[in-house]
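Q: sequence plus the predicted model coming up.
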Amino acid sequence: MNGSLEVRQFLMRYEGESGTASSGTLPAQRNGAAGDANRITDDQVRRARLAVASSAMDADDCTQLLDMLGLLPGPDGVTPVQR
């Protein structure tokens, strides 16, 4: 990631130490089940956060972008994109 240390530290608060990106891998194909067809996975949220953080100018910019995209967890711990 080419983001600043401040942005990486911000992400660590939401991802934890084990939230490392594996670059160059393709997402798994969805099985087409009716209940899961539109569900956004935890891995997709993690990857989206990393993509936003890599383009953010600083931690405040990252926070604003993640909030606008519904990628920050709400009071219940679930991100709006996963509801």
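A: All right, it came through fine.
Q: show me which residues of the helix ranked longest in the chain are buried.
A: Using DSSP state H, we find that the single longest helix of the chain is helix 42-55. Buried residues in helix 42-55, counted by 16 or more other CB atoms under 10 Å: 45, 46, 48, 49, 50, 52, 53. Glycine gets a C-beta too; all of them are placed from N, C-alpha and C.
Q: okay, the second one: pLDDT?
A: When you say that, I think you mean residue 46. Residue 46 is assigned 93 on the pLDDT scale.
Q: what of residue 3?
A: 58.
Q: now do the one 10 residues further on
A: Per-residue pLDDT puts residue 13 at 75.
Q: tell me the SS of the spatially closest residue to residue 80 that is not a sequence neighbour?
A: Nearest residue to residue 80, sequence neighbours excluded (CB to CB, 6 or more residues apart in numbering): residue 70, at 3.6 Å. Secondary structure, DSSP: H, G, I helix; E, B strand; the rest coil: residue 70 is coil.
Q: I'd say residue 70 and residue 78 touch.
A: No: between residue 70 and residue 78 there is no contact under CB atoms under 8 Å: 10.3 Å.
Q: where along the chain do the helices fall?
A: Using DSSP H, the helices found in the chain span residues 5-15, 42-55, 59-68.
Q: of all these, which one is nearest residue 82?
A: Nearest of the helices of the chain to residue 82, taken as CB to CB: helix 42-55 at 6.7 Å.
Q: returning to what we had before: phi and psi next, for the residue nearest to residue 80.
A: phi 70, psi 30 (degrees, to the nearest 10).
Q: the one 3 residues further on too?
A: Backbone geometry at residue 73, expressed as degrees, to the nearest 10, gives phi -70, psi 140.
Q: how about it: what's its closest non-neighbour residue?
A: Spatially, and ignoring its direct neighbours in sequence, residue 73 is nearest to residue 79 (5.4 Å; CB to CB, 6+ apart).
Q: what's around the one you found, how many residues?
A: Look at residue 79: counted by other CB atoms under 10 Å, it has 20 neighbours.
Q: now do the contacts for residue 40.
A: By CB atoms under 8 Å, 6 or more residues apart in numbering, the contact set of residue 40 is 81, 82.
Q: show the model's pLDDT score for it.
A: 88.
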